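Chemist: Fold the following for me, if possible:
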Amino acid sequence: MDPTDAQTACFEAGIKFGSLYHQFAGTPVSPDSADSLARAMAESIENQPYCESVTVDVLTDELESALADGPADYTELTGRFLDVEIRVDYEGHTVRARMEMEDGYPLMSLVDVEE
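Modeler: Below you'll find the model as predicted:
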């Protein structure tokens, strides 16, 4: 059985999240570089097929808190510092998916699927 167009749209959203997270996890980030890194992340994923939009927010309050007691001016990027939303359109089906922390783990989830 072939997947439906809505299922394919959901799959595409998952591919984009996997690419975004695993491409950028571990990148050195500081409060000063957070905005430019967020733009680079969004723009790179928007290049992928069927991607309508990507919003990446680096949570600078969380970042500053993590750096407050450390010896360096930067840390490595993890899901704890990110709030991400991706919109995919495939054959008239729009999928909105988000990545947020849940119980200390970055989870990607479907928000809605529209026709």
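
Chemist: who does the spatially most central residue of the chain bridge with?
Modeler: The residue lying closest to the centre of the chain (Cα atoms, centre = their mean) is residue 84, at 3.8 Å. Applying DSSP bridges to residue 84 yields these beta-bridge partners: residue 56, residue 99.

Chemist: Give me the distance between it and residue 1.
Modeler: Remark: distance between residue 84 and residue 1 (Cβ to Cβ, to the nearest Å) = 31 Å. To be clear about C-beta, it is placed using only N, CA and C from the backbone, and glycine gets the same treatment.

Chemist: cool, residue 98 as well?
Modeler: Going from residue 98 to residue 1 by Cβ to Cβ gives 29 Å.

Chemist: more neighbours, those two?
Modeler: Taking other Cβ atoms under 10 Å, residue 98 and residue 1 do not tie; residue 98 has more neighbours (16 against 3).

Chemist: OK, contacts around the closest residue to that one other than its chain neighbours?
Modeler: Closest residue to residue 98 apart from its sequence neighbours, by Cβ to Cβ, 6 or more residues apart in numbering: residue 85 at 5.0 Å. Applying Cβ atoms under 8 Å, 6 or more residues apart in numbering, we find residue 85 in contact with 53, 54, 55, 96, 97, 98, 99, 111.

Chemist: in this protein, which spans are helices?
Modeler: Using DSSP state H, the helices of the chain run over 5-24, 34-46, 60-67.

Chemist: Who are the contact partners of residue 37?
Modeler: Going by Cβ under 8 Å, 6+ apart, the list of residues near residue 37 reads 24, 27, 29, 58, 77.

Chemist: Could you do residue 93 as well?
Modeler: 5, 6, 8, 9, 113, 114, 115.

Chemist: Can you give me the neighbour number for the residue nearest to residue 29 when sequence neighbours are not counted?
Modeler: Spatial nearest neighbour of residue 29, excluding adjacent residues (Cβ to Cβ, 6+ apart): residue 77 at 4.6 Å. For residue 77, the neighbour count with other Cβ under 10 Å is 21.
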